[in-house]
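**Student:** The following block contains a protein sequence and its predicted model.
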Amino acid sequence: MTDLTARGSLEGVRTRPAVQELYDGCYRRLVGQLYALTADLAEAQDAVQEAFVRALAAPRRFARLDNPEAWLRVVAVNVARRRMRRRAHLDRLLRRDPPPLQVVPGLSPDHVAVVTALRTLPYAQAEAIALHHLADIPVREIAELTGVAEGTVKARLSRGRARLAELLADDPELEVPDA
Amino acid sequence: MPDRLEAVRDAVQDIVEPAAERAPFDELVERAARRRHRRWQVAAAAVLVLVGAGLLLSKPVGDQVATPPATSTRTPSAPLHGNEQLIQSMQFADPEHGYAVVIACRGPGYRCAARATTLRTTDGGRTWSVLRNPADTEPGEVVRVWEATEHGVVLCAGDLYYYSTDLVTWHERPINPQDEGGTVETVPADWRADVIHGAYVALDPITNRFRQLAHQPDLPRTQDHWTINAGPDQRLIAVASNDSGGLWLAYSEDRGRTWHGQPVPAHHGGDARMVLADDGTDRVYLVDGDPNGRLNAISRLDHLGGAWVSIPVPTRVTADPNPGTMKVVRLLPDGELLYDVDDPFRTEDGGTRVVPVPLVRIYGFQAKVSALQSIDGILFSNVPPGIDAPDGVVSILVSTDSGRTWSLRESRFSR
């Protein structure tokens, strides 16, 4: 099989400075957003770096993007999602407990409690809450990112927050912000 | 609750983001380059023997489908040495003679920088023995079998490749070819047609020398040019493409002395691909995808110089809401197409009817396997990651009926 996209070496040379600029400017922000999703700093770093590698490996496609940072976030979220599902499956197969939460030094016990509670939610709800409330991504963009309708995202947010409030013994009555 | 979530959000920004460690950018560039190179290798192998790599889904018998772990992109702090022999790369020169790079790891979460061990088989993977070579000083995820032929084997590791014709003496060469100078009328036997510095050349993959062809194909001077060796007579196909989706073909039946234009059917461009048959013909498929990765059309050329025939694309491909996953098409030895997606399926009757790819039972799991390599009508695959072979055992899957059924071949080897 011959793959046209693998042949853009000149394109890659031209795209590289733009990717490096993004790497310098957006990397930490993307890692923060992915940490909100994964609760694992190493996984978040890994997923974001993988997104940048894919950008460099497919320079032609990357050069056409209107919003490269959003593309990188989509790729990183998808990478993280696949890995989390695989890990969860292996945990079930091996009948082992999930690994303990890797606490980043400096986070307070309350921060850790919220993140820990988030991990116990169904994945779709946790993803919606992490992306919207912790990563500040609008509902509309989450809908595009996860491939579902905006209403579905809002429902996941609502249910997730209610469940989270139960877990943290907090008030479940919250409004769903507009996109 | 909103306050607590906001507090966590602020903490992520104030505490987590500054704590994020960055790999040097050059390291990402190198990883991307390695990945592009691996894709090129798949393309090169496909020209000779068809079909690319694949792993798909596995599940324990009686349980729901789940995805096996992927190779991590994280550099591990220490290799996870063990006795599980994971095949990283495999190539067969013919149905009996082949080579594999394995790494010995432990644990299902593969993050292993263990050293490579290259193995050799002379009986179709029923038994393997260690092939000592200089590339095996590198981590296993770096070393790959680049090309296996009746004359020898080429291994690559990083920017170098190693070749041997007697499997005892090894020659080290940089992957970037060295110019020998001068032009040549045709591509000599056992040399490969390639494009270097924008010109079509004849490249000797063993000596790493190339010479520019005296007669260049009449193609637009676009950014992307490449060439492939196709068909039983090693005809040459030269290809040019541009960013606007243009794609042009020319072919030569006399190893580059004369070139003929081959019209290409209308296509969307952006992600057009070509798949070549290995069934003793020079059949070519043009797989047309749009910039979003959606596969729109497939055309078949039964012989160079002929007319393209449109192949139906199954509705489940064109209607899939996630088009980026629906563009991988491989050609099976029986001439049918394999759509190598999450739930892979294959065509029957040339494309009008599709059926799911059957599961294969391996070590208490059921797995969906796609072919790693097809040669002389036989498909070879490694065991999908996530399914552990017994310690010390090298296991491969073999199909002689285009992937309808698979058999397991196991072997232990001594170091």
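**Tutor:** That came through fine. Residues are numbered from 1 along each chain as shown, chains lettered A, B, ... in the order given.
**Student:** Only C-alpha atoms from now on, for both contacts and neighbour counts.
**Tutor:** Noted.
**Student:** ok, which stretches of chain A are strands?
**Tutor:** A:2-3 (DSSP state E).
**Student:** tell me, what residue is most central in it?
**Tutor:** In chain A, the C-alpha nearest the mean C-alpha coordinate belongs to residue A:77, at 3.5 Å (C-alpha atoms, centre = their mean).
**Student:** Give me the buried positions along stretch A:56-74.
**Tutor:** A:56-63, A:68-69, A:71-74 (16 or more other C-alpha atoms under 10 Å in any protein chain shown).
**Student:** what residues are up against residue B:234?
**Tutor:** By C-alpha atoms under 8 Å, 6 or more residues apart in numbering or on different chains, the residues touching residue B:234 are residue B:255.
**Student:** Would you mind measuring from it to residue B:287?
**Tutor:** 22 Å (C-alpha to C-alpha, to the nearest Å).
**Student:** and if you look at residue B:3?
**Tutor:** 52 Å.
**Student:** what about these two, which has more around it?
**Tutor:** The neighbour count for residue B:3 versus residue B:287, taken as other C-alpha atoms under 10 Å in any protein chain shown, is higher for residue B:287 (25 against 8).
**Student:** is it true that the more buried one touches residue B:299?
**Tutor:** Yes. Using C-alpha atoms under 8 Å, residue B:287 makes contact with residue B:299 at a distance of 6.7 Å.
**Student:** The residue nearest to residue B:142 when sequence neighbours are not counted bridge partners, please.
**Tutor:** Residue nearest to residue B:142 in three dimensions, not counting chain neighbours: residue B:157, with 5.4 Å by C-alpha to C-alpha, 6 or more residues apart in numbering or on different chains. For residue B:157, the beta-bridge partners are residue B:143, residue B:160 (DSSP bridges).
**Student:** Test my guess that residue B:157 contacts residue B:135.
**Tutor:** Yes. Between residue B:157 and residue B:135 there is a contact under C-alpha under 8 Å: 6.2 Å.
**Student:** Give the intersection of the neighbour lists for the two.
**Tutor:** Taking C-alpha under 8 Å, 6+ apart as the criterion, residue B:157 and residue B:135 both touch residue B:143.
**Student:** now residue A:149: how far from chain B?
**Tutor:** 13 Å (C-alpha to the nearest C-alpha, to the nearest Å).
**Student:** ok, back up a step: can you give me the distance of the nearest residue to the residue nearest to the centre of chain A once chain neighbours are set aside to residue A:71?
**Tutor:** In space, and not counting its chain neighbours, residue A:77 is closest to residue A:34: 6.7 Å by C-alpha to C-alpha, 6+ apart. Residue A:34 is 13 Å from residue A:71, where distance means C-alpha to C-alpha.
**Student:** Over to residue A:148?
**Tutor:** 17 Å.
**Student:** cool, and residue B:7?
**Tutor:** From residue B:7 to residue A:71 the distance is 27 Å (C-alpha to C-alpha).
**Student:** With residue B:295 instead?
**Tutor:** Taken as C-alpha to C-alpha, the span from residue B:295 to residue A:71 is 20 Å.
**Student:** do residue B:121 as well
**Tutor:** 44 Å.
**Student:** Same question for residue B:248.
**Tutor:** From residue B:248 to residue A:71 the distance is 30 Å (C-alpha to C-alpha).
**Student:** wait, isn't residue B:396 in contact with residue B:412?
**Tutor:** No. Applying C-alpha under 8 Å as the test, residue B:396 and residue B:412 come out as separate, 11.9 Å apart.
**Student:** Looking at the two, which one has more neighbours?
**Tutor:** residue B:396 (22 against 16).
**Student:** Pull up the pairing partners for the helix or strand in which that one is found, direction included.
**Tutor:** Here residue B:396 sits within strand B:393-399, counting by DSSP states H and E. Next to strand B:393-399 in the sheet, as set by DSSP bridges, lie strand B:378-382 (antiparallel), strand B:407-412 (antiparallel).
**Student:** CA atoms only for that strand, dumped as PDB, please.
**Tutor:** The C-alpha trace of strand B:393-399 is given here as PDB (Å, rounded to 0.1, in the frame of the first residue of the first chain):
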ATOM      1  CA  VAL B 393       7.400 -19.000  23.100                       C
ATOM      2  CA  VAL B 394       7.400 -17.200  19.700                       C
ATOM      3  CA  SER B 395       3.900 -17.500  18.300                       C
ATOM      4  CA  ILE B 396       2.700 -16.500  14.800                       C
ATOM      5  CA  LEU B 397      -0.600 -16.900  13.000                       C
ATOM      6  CA  VAL B 398      -0.800 -18.300   9.500                       C
ATOM      7  CA  SER B 399      -3.700 -18.400   7.100                       C
END
